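Novice: Quick one, structure for this:
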Amino acid sequence: MNSWIILAIIYALCVGIFECSKKKSMEKISLYDTLAGFSLFALIGAAIIDRDMYSINYNYLPLIALKTSVIVISWILCMKALKNMLMSTYGITRLSQIIYTLIMSILILGEHITIKIIIGAIITIIGLVLVNLDKDNETENTAKDKNKFKYILLLLIGVFFSSCSGIIDKIVLKNITSSQLQFWFLFLLMIFYWLIALIKQRKVEVRKIIKNKWLYISALAVLIGDRCLFIANENPDSMVSIMSIIKQLSAVESVFFGKLFFGEKNILRKLLYSLIVISGIVIIFI
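Specialist: Residues are numbered from 1 along each chain as shown. All right, here's what the predicted structure looks like:
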């Protein structure tokens, strides 16, 4: 198995941990404090392990700033949705990213999409459709039921922006290193999120941030996951379209974490739908 595929799998597993820890964090502090906290801790980690961040070609900083802006919009929309949706439903709804990425990888990167990739993507998307048709009647209150479409729409828009970020990664990593991209991305991300937190809340609950263990877990997941993804994108043989499908393994994690940490029900049925997702990914590599 190619190394970039293994790196993409590690990234997917880190995403599942990241999404769960974010939601747990928001049980204790606000959405904006969560964003500010994990981005700061992740930047500190990157500053410790990255050694070549200052040797970057600064002509590429505007492109990294564009990626950061796209991610800021994406994560804010996705976190608003996450706060108001069941985690298992949220995780598999994110599979719509496959459609966006496949289209952009063909149109922008010129990737060749084989029949196996198309079949695998279709099977994976079927898993998404089945989950969305499976009504969540567990713990959602009436208000959430009425606004369910609103949050699904926010999530779909957020996932689109996330797909744009993946395309930018592939382009910019032809000219800078993965460690340079990670450091400057996290640096700009931290500035964005702290400014947003201060504007929205007038203050940041620093003490609560420091005491929130879930922020340290989410920061570590971002640090490891993004580095693996960036290294994979550095490989000229790697394909964004295939990596976008591999990333959906995080949806399977979301089902387990939904049961483990949030007491969600109907997990066995959702797990069966997740197996459809896995089978779609396996088909690509047969």
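
Novice: okay, CA-based contacts and neighbour counts for the rest of this
Specialist: Noted.

Novice: Helices along the stretch 1-150 of the chain, start to end?
Specialist: Assigned by DSSP state H, counting those that start in this stretch, the helices in the stretch 1-150 of the chain fall at 3-25, 31-49, 61-83, 87-93, 97-107, 115-133, 142-146, 148-172.

Novice: which stretch among these comes nearest Phe185?
Specialist: Nearest to Phe185 among the helices of the stretch 1-150 of the chain is helix 61-83 (6.1 Å), distances taken as CA to CA.

Novice: Go through the helices of the stretch 1-150 of the chain and pick out the most buried.
Specialist: Highest mean neighbour count of the helices of the stretch 1-150 of the chain: helix 87-93, a mean of 25 (counted as mean count of other CA atoms under 10 Å).

Novice: got any ranges where this protein has weak pLDDT?
Specialist: For the chain, applying pLDDT under 70 flags the ranges 1, 87-89, 91-92, 128-129, 131-147, 262, 264-266.

Novice: try 50
Specialist: Applying pLDDT under 50 to the chain flags residues 135-146.

Novice: what's the closest of the helices of the stretch 1-150 of the chain to Phe192?
Specialist: Comparing the helices of the stretch 1-150 of the chain against Phe192 with CA to CA, the closest turns out to be helix 61-83 (7.4 Å).

Novice: Centre of the chain to that closest one, how far?
Specialist: 10 Å (CA atoms, centre = their mean, to the nearest Å).

Novice: now stretch 49-64
Specialist: How far stretch 49-64 lies from its chain's middle: 22 Å, per CA atoms, centre = their mean.

Novice: so who does Cys164 touch?
Specialist: With contact set as CA atoms under 8 Å, 6 or more residues apart in numbering, Cys164 has these partners: Lys67, Val70, Thr101, Met104.

Novice: Skipping its backbone neighbours, what lies nearest Ser244 in space?
Specialist: The spatially closest residue to Ser244, leaving aside those adjacent along the chain, is Ile98, at 5.8 Å (CA to CA, 6 or more residues apart in numbering).

Novice: now do Trp75
Specialist: Of all residues not flanking Trp75 in the chain, Gly158 sits nearest, at 6.6 Å (CA to CA, 6+ apart).

Novice: That neighbour is in contact with Ala81, isn't it?
Specialist: No. With contacts counted by CA atoms under 8 Å, Gly158 stays clear of Ala81, the gap being 9.2 Å.

Novice: is it true that the residue nearest to Ser244 touches Ile245?
Specialist: Yes. Using CA under 8 Å, Ile98 makes contact with Ile245 at a distance of 6.0 Å.

Novice: which residues are common contacts for these two?
Specialist: Contacts common to Ile98 and Ile245, judged by CA under 8 Å, 6+ apart, are Ala121.

Novice: re the thing from before, just send the helices of the stretch 1-150 of the chain back as TSV, with distance to Trp184 too.
Specialist: What follows is the helices of the stretch 1-150 of the chain, written out as TSV (distance: least, CA to CA, whole Å):
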stretch	distance to Trp184
helix 3-25	19
helix 31-49	9
helix 61-83	7
helix 87-93	28
helix 97-107	24
helix 115-133	33
helix 142-146	38
helix 148-172	12
